[in-house]
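> The amino acid sequence is not available; the structure is as follows:
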Ligand code: G4F
């Protein structure tokens, strides 16, 4: 029988790739969108895909109950969040409400409507903060010491999922996803900001690119590979928590070097550092150990760091 999926945050980078994946697998896909004064800004990534959208909000439990009743999903993917770490310092209360209380609202609505629905939670490597195991990796046993309101809220969401699994036997799964990018990434996240800026400089539209901390290091994968992992791990018989990562870490400086080199430029001639992009507390280093999902579920990324950057450069070169 045809399966039905409900996705919060459907209009975002991951929501749009996940929708495409599920549609290709024969799912009926529904998504929750929040009211926006310019709706065109919101559906640009998902227009014409064949998704049914519903107005709702993680902070409005009535809307969640109504949508669950209307859609009656087999699987719920909670990708809705205030997803920008730097901005979480500016809007900490909103971030905590959406990213932590929102998870509770969704879990309670599912539990009361039908506790057999499978629930995926977009947990994040930001939860680890500056803790790294002795071998230089983070894994699900690594202590969580978040360094941002965003990270604190994600830890709460993560724990709520584990609690609902243990207390009510619900099929709740956390995907602890390390950074994942693509041409659909918002251009205020560092990868797309660098690529867009480099392409604009290459085309003579600007002279420099101002960034924040160039020495932070991230484990960057491609969103398309990571939404595949979401679907795989949610459909594993035993509900559990899984790390999804490439196992490679690069600094922002290295990201600049690779991107500008693709365009035959030297980043050192154009990149400047502007303290306005620093964070009150920085997460210095991320590198994930995803051996469990690779060994048990056979997941592995198809993109390399280089092929991902190339795709992003091609995208912006066509667009700008
Ligand atoms: O691209 P970012 O903004 O991503 P960040 O903070 O790592 O968060 C992303 O990944 C998390 C997973 O670990 C997700 F949970 C979260 O939702 C989001 O998707 O920043 C990456 C790094 C930071 O160290 C930041 O300080 O880049 C550094 N950076 C340097 N200059 C900058 C800039 N970040 C941004 N956004 N803009 C800059 O100009």
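Looks like it came in fine. Owing to the predicted nature of the structure, the values given are computational and were not obtained by experimental measurement.
> Name the residues of stretch 39-55 that are buried.
For stretch 39-55, a neighbour-count test (16 or more other CB atoms under 10 Å) marks 42-43, 45-46, 51, 53-54 as buried. (Each C-beta comes from the backbone N, C-alpha and C, glycine too.)
> Endpoints of that stretch, how far apart?
11 Å (CA to CA, to the nearest Å).
> Pull the number of nearby residues for residue 266.
For residue 266, the neighbour count with other CB atoms under 10 Å is 11.
> Enumerate every residue touching the closest residue to residue 169 other than its chain neighbours.
In space, and not counting its chain neighbours, residue 169 is closest to residue 115: 7.5 Å by CB to CB, 6 or more residues apart in numbering. Residue 115 makes contacts with 168-170, as judged by CB atoms under 8 Å, 6 or more residues apart in numbering.
> what's the helix or strand for residue 115?
Using DSSP states H and E, residue 115 maps to neither a helix nor a strand.
> Near the ligand, which residues of the stretch 1-150 of the chain are found?
83, 85-86, 124-126 (CB under 6 Å from any ligand atom).
> Apply 5 Å and report the result again.
Selection of the stretch 1-150 of the chain residues close to the ligand by CB under 5 Å from any ligand atom yields 83, 85, 124-126.
> follow-up on the earlier one: buried ones among the contacts of residue 115?
Neighbour-count burial (16+ other CB under 10 Å) is assigned, among the contacts of residue 115, to residue 170.
> Closest one to residue 8 out of the contacts of residue 115, please.
Among the contacts of residue 115, residue 170 lies closest to residue 8 (CB to CB), at 16.7 Å.
> what about the closest one, distance to the ligand?
Using CB to the nearest ligand atom, to the nearest Å, residue 170 is found at 23 Å from the ligand.
> Please report the distance of residue 65 from the ligand.
Residue 65 is 27 Å from the ligand, where distance means CB to the nearest ligand atom.
> I meant to write residue 114 there.
The span separating residue 114 from the ligand equals 29 Å under the rule CB to the nearest ligand atom.
> Need phi/psi at that residue.
In terms of degrees, to the nearest 10, the main-chain angles of residue 114 are phi -160, psi 100.
> which ones are touching it?
With contacts taken as CB under 8 Å, 6+ apart, residue 114 has the following neighbours: 68, 72.
> what does residue 56 give?
Taking CB under 8 Å, 6+ apart as the definition, contacts of residue 56 comprise 8, 32-34, 63-64, 66-67.
> let's see 7 Å
Neighbour list for residue 56: 32, 63-64, 67 [criterion: CB atoms under 7 Å, 6 or more residues apart in numbering].
> Can you tell me which of these end up in strands?
residue 32 (DSSP state E).
> and which of the contacts of residue 56 is nearest to the ligand?
Set against the ligand, the nearest of those by CB to the nearest ligand atom is residue 32 (18.0 Å).
> how far away is that closest one from residue 143?
33 Å (CB to CB, to the nearest Å).
> Have a look at these two and say which one is more surrounded.
Using other CB under 10 Å, the more surrounded residue of residue 32 and residue 143 is residue 32, with 26 against 10.
> State the pLDDT value of the more buried one.
What the model reports as pLDDT for residue 32 is 98.
> Now do the helices in the stretch 151-300 of the chain.
Using DSSP state H, counting those that start in this stretch, the helices of the stretch 151-300 of the chain run over 190-202, 223-234, 252-262, 291-297.
> May I see those helices arranged in JSON lines, with mean neighbour count and mean pLDDT as well?
Compiled in JSON lines, these are given as follows (neighbours: other CB atoms under 10 Å; pLDDT from 0 to 100):
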{"stretch": "helix 190-202", "mean neighbour count": "22", "mean pLDDT": "98"}
{"stretch": "helix 223-234", "mean neighbour count": "22", "mean pLDDT": "98"}
{"stretch": "helix 252-262", "mean neighbour count": "20", "mean pLDDT": "98"}
{"stretch": "helix 291-297", "mean neighbour count": "15", "mean pLDDT": "98"}
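> So which of those is nearest residue 310?
helix 252-262 (6.5 Å).
> Go ahead and name everything in contact with the closest one.
190-191, 194-195, 198, 211, 213-216, 266-267, 271, 306, 309-310, 313.
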